[in-house]
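**Student:** Got a predicted structure here, sequence first:
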Amino acid sequence: MSVRLRFAPSPTGELHIGSVRTILYNHLFARQRGGRLILRIEDTDQERLVPGAVDSIYAGLHWLGITWDEGPREGGPHAPYVQSERLPLYQKHAQELVAKGAAYYCFCSKERLAELRRQQEARHELTRYDRHCRNIPVAEATARAKAESHVVRLKVPDEGTLSIEDLVHGHIEWQVNTIEDQVLLKSDGFPTYHLAVVVDDHVMGITHIMRGEEWVASVPKHLLIYRAFSWDIPPMAHFPSVLGPDGKKLSKRHGATAVAEFRKDAYLPEALINYLALVGWAPGSEEEIFSMDDLTRLWKIEQVQSSPGKWDKERLDFFNGVWIRRLSVDELVRRLEPFVPADWDRETLKRIVPHIQERMKTLKDAKDQIAFLFTDDITYDPKDLVPAKRDPAGTVEALAKVTVHLRYLEPFIATRIEAALKAVAEEMDWKQGDVNKPVRLAITGRTIGPPLYESLEVLGRDRSLQRIEGAMDALGKANS
Ligand code: GLU
C-alpha cells in the first residue's frame, strides 16, 4: 500500500520554521516510501485568518524545495483542498452522527455558556459543558434546529480509556471522563478543527498523521469522532516542539521565525533544511551535512527524538557557511543576485567571489566586503592608515615603496603582488601586517575583507595605485 501524508497548515500568519520542520518530516516519510503528499489548508477558524498567508506557505515551501502532489493550486482527486470550501461535506458528516445518535443539537446561548463557566470557576470545578441539551427528545431537537441557532455536539461516553501508540512517543492514554461534549459544527455552519481534521484525513485516505506535539491534547477528541463514525484510526506521530534557547516555544522573541525572514536574511534553503532536519532527529552517526536527497535516504521516524529540539542560530550560521562553500562559483554568483546592486559588473563579481566564499556566513555578508570593487568612493579616517607604533611619515614611505613595486609588476596577479609587498616589508624592516594594513584600508576603506593580494589583483593596477596614492596624499595633508 502506498502511503499518503498531509501537511495541514492554518493560514494564520507567515510560514513558521517550526511548521516547516513538521512538513519536512512528512515530506521525508512520504518521499522515502514513494508515497503521496497532500497540502490542505485548514482555515475553519475564520477569525484567525491572515491575508496572504497561503501565498507565504507556497512561497516558503517552494523556496525550500519541499514538493507535494495534491493541494489547493495543484488540484487532485479530493479537491477542493481548502477546508472553507468543503463545508457541505462536514455538515453532512455532522448530520450523520446526529442521525446515529452519536451527536446532538445544542441550543444553549453564549450567555448561558458564559454563566455556566463563571459558576464552575467560582466552585473551582473543571469548566465544561453541562450537557444541558443532550437529552432533548430527538423529534423536538430536530424541529427546533430548523428554526433556532444551534451547534452540533459530540455525545461523549461517560467512561472509558482511549489510547494511541504514537510513532514518536509510544503509548499515550486518556480517560474519557475528562473530555466534554465537544462542538463539531458551529452555529455558522463551519466545522471545528476536530471534526474537519478527522473527516478530511479519513476521506482523503491519509495513511499516517504526523503533526506537531501541540495537537496531542486534541487526539482523544479525534479518537471519539473516529469511533462514532466506525472509521479506522491511522497511525499517528507527534513531533516535539522546536524551542528557543531559553527552553520556551520558539517565537519572535527569539529572533526570526518566519521562512520569509531567513530568505531575506540571505540564508540558503539547503542550510535551513539541513539544520531543521537535525532539530529533533538524531542521525546516529557523526555525519551532519545532509542534502534533501541524503535526508530522504537516511532520515528515520524511529530516530525522531521525543524530547523537544532547541533552535540554535549559531548552528544554522555554521550550516549556512558549509552550504555556501559547497556551491560552484557560478551558482554562488547566481544566489547573490538579490543581495547585490543590479549595476555591479558580473564579471568582476565572478572574479572576487571565490575569495570570499570561504568566509561567508550568509549571502548578505558579501556586499559590504566587496563594494570597493564597484565604487571609487572609498572613505576612511587617514589617521587609521598608520599602524600601531608607526608614524605618518613612515607610513607614507611604506606606501610609496608599495607603489614603486606595483607600478611595473608583470603580470599583476596575487602571487606577484604578495612577493612585492613582502619586499616592501623587508625594505622597511616592518612586520608584514604593518605594510598590509594601510594598503587594505586605502583600497577598500575597511579593515577586514577579502584576502588583500587577491583584492588588489581584481581591483587592477590603475585603481589600486590611484587609491594608494590618494592615501599618501591624505596622510600628508593630515600631517601638514
Ligand atoms: N491546522 C493545524 C496547524 O495549523 C494542523 C493540525 C493537524 O495537522 O492536524 O498546524
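**Tutor:** Thanks, I have it.
**Student:** residue contacts, the residue lying closest to residue 101 once chain neighbours are set aside?
**Tutor:** Leaving aside its chain neighbours, residue 101 sits nearest to residue 155 (7.2 Å; criterion: C-beta to C-beta, 6 or more residues apart in numbering). In this view, the C-beta of every residue, glycine as well, is placed from N, C-alpha and C. The neighbours of residue 155, taking C-beta atoms under 8 Å, 6 or more residues apart in numbering as the test, are 101, 102, 103, 104, 134, 181, 228.
**Student:** tell me which element the fourth one is part of?
**Tutor:** Same thing as residue 104. With secondary structure defined by DSSP states H and E, residue 104 is part of strand 103-106.
**Student:** Counting by contacts, list what that strand packs against.
**Tutor:** helix 87-100, helix 138-147, strand 151-154 (3 or more C-beta pairs under 8 Å, 6 or more residues apart in numbering; DSSP states H and E).
**Student:** Report the buried residues of the top helix by length along the chain.
**Tutor:** Longest among the helix segments of the chain by residue count, using DSSP state H, is helix 461-479. By neighbour count, with 16 or more other C-beta atoms under 10 Å as the criterion, the buried positions of helix 461-479 are 461, 463, 464, 465, 466, 467, 468, 470, 471, 472, 474, 475.
**Student:** what's the closest non-adjacent residue to the second one?
**Tutor:** Setting aside the residues directly before and after it, residue 463 is nearest to residue 376 in space (C-beta to C-beta, 6+ apart), at 7.1 Å.
**Student:** hang on, that neighbour in a helix?
**Tutor:** No: secondary structure assignment places residue 376 outside any helix; it is coil (DSSP: H, G, I helix; E, B strand; the rest coil).
**Student:** Up against the ligand, what does this structure have?
**Tutor:** 8, 9, 10, 42, 197, 211, 215 (C-beta under 6 Å from any ligand atom).
**Student:** can you tell me which of the residues you listed are in strands?
**Tutor:** residue 211 (DSSP state E).
**Student:** for the residues of the chain next to the ligand, which one is nearest residue 108?
**Tutor:** residue 197 (24.3 Å; C-beta to C-beta).
**Student:** residues contacting that closest one?
**Tutor:** Residue 197 is in contact with 8, 42, 218, 222, counting by C-beta under 8 Å, 6+ apart.
**Student:** Where do the strands of the stretch 151-300 of the chain begin and end?
**Tutor:** With DSSP state E, counting those that start in this stretch as the criterion, the stretch 151-300 of the chain has strands at 151-154, 161-166, 170-175, 183-185, 209-212, 236-239, 242-243.
**Student:** on that earlier part again, centre of the chain to the longest helix of the chain, how far?
**Tutor:** 47 Å (C-alpha atoms, centre = their mean, to the nearest Å).
**Student:** same deal with stretch 391-401?
**Tutor:** Remark: stretch 391-401 is offset 51 Å from the chain centroid, using C-alpha atoms, centre = their mean.
**Student:** Name the residues that touch that stretch?
**Tutor:** Under C-beta under 8 Å, 6+ apart, the answer for stretch 391-401 is 385-387, 424, 427-428, 430, 434-435, 438-439, 442, 468, 471-472, 475-476, 478-479.
**Student:** Same question for stretch 94-113.
**Tutor:** Residues from elsewhere that reach stretch 94-113 (C-beta under 8 Å, 6+ apart): 116, 129, 132-134, 136, 138, 141-142, 144-145, 148-155, 181, 183-185, 191, 195, 228-229.
**Student:** and the residues you listed, which are buried?
**Tutor:** Buried among those (16+ other C-beta under 10 Å): 116, 129, 133, 136, 141, 145, 150-155, 181, 183-185, 191, 195, 228-229.
**Student:** ok, the closest residue to the ligand within the stretch 51-200 of the chain to residue 60 distance?
**Tutor:** Residue nearest to the ligand within the stretch 51-200 of the chain: residue 197 (4.7 Å; C-beta to the nearest ligand atom). The gap separating residue 197 from residue 60 is 22 Å, by C-beta to C-beta, to the nearest Å.
**Student:** what residues are up against residue 205?
**Tutor:** So residue 205 contacts 4, 78 (C-beta under 8 Å, 6+ apart).
**Student:** Only the C-alpha atoms, please, for the helix or strand in which residue 336 is found, written as PDB.
**Tutor:** Per DSSP H and E: residue 336 is located in helix 329-336. As requested, the backbone C-alpha atoms of helix 329-336 are provided in PDB (Å, rounded to 0.1, in the frame of the first residue of the first chain):
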ATOM      1  CA  VAL A 329      31.200  30.000  -8.200                       C
ATOM      2  CA  ASP A 330      28.600  30.400 -10.900                       C
ATOM      3  CA  GLU A 331      25.900  29.200  -8.600                       C
ATOM      4  CA  LEU A 332      27.100  31.400  -5.800                       C
ATOM      5  CA  VAL A 333      27.000  34.400  -8.100                       C
ATOM      6  CA  ARG A 334      23.500  33.500  -9.100                       C
ATOM      7  CA  ARG A 335      22.400  33.200  -5.400                       C
ATOM      8  CA  LEU A 336      24.000  36.600  -4.700                       C
END
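**Student:** if I read this right, residue 460 contacts residue 412, doesn't it?
**Tutor:** Yes: using C-beta atoms under 8 Å, residue 460 is in contact with residue 412, at 7.1 Å.
**Student:** what's the closest non-adjacent residue to residue 476?
**Tutor:** residue 396 (6.2 Å).
**Student:** The one you found - that's part of a strand, no?
**Tutor:** No: counting by three-state DSSP, one finds residue 396 to be helix, located in no strand.
**Student:** confidence score at it?
**Tutor:** Listed pLDDT for residue 396 reads 97.
**Student:** Let me see the contact set for the closest residue to residue 435 other than its chain neighbours.
**Tutor:** Distance criterion C-beta to C-beta, 6+ apart; nearest residue to residue 435, sequence neighbours excluded, is residue 425 at 4.7 Å. Residues counted as contacts of residue 425 (C-beta under 8 Å, 6+ apart) are 431, 432, 434, 435.
**Student:** same question for stretch 211-220, mean pLDDT?
**Tutor:** 96.
**Student:** And it, how far out from the chain middle?
**Tutor:** 21 Å.
**Student:** From the structure, what's the count of residues near the residue lying closest to residue 202 once chain neighbours are set aside?
**Tutor:** Excluding the flanking residues, the one nearest residue 202 by C-beta to C-beta, 6+ apart is residue 231, at 5.1 Å. A total of 14 residues lie near residue 231 under the criterion other C-beta atoms under 10 Å.
**Student:** Brilliant, that's me finished.
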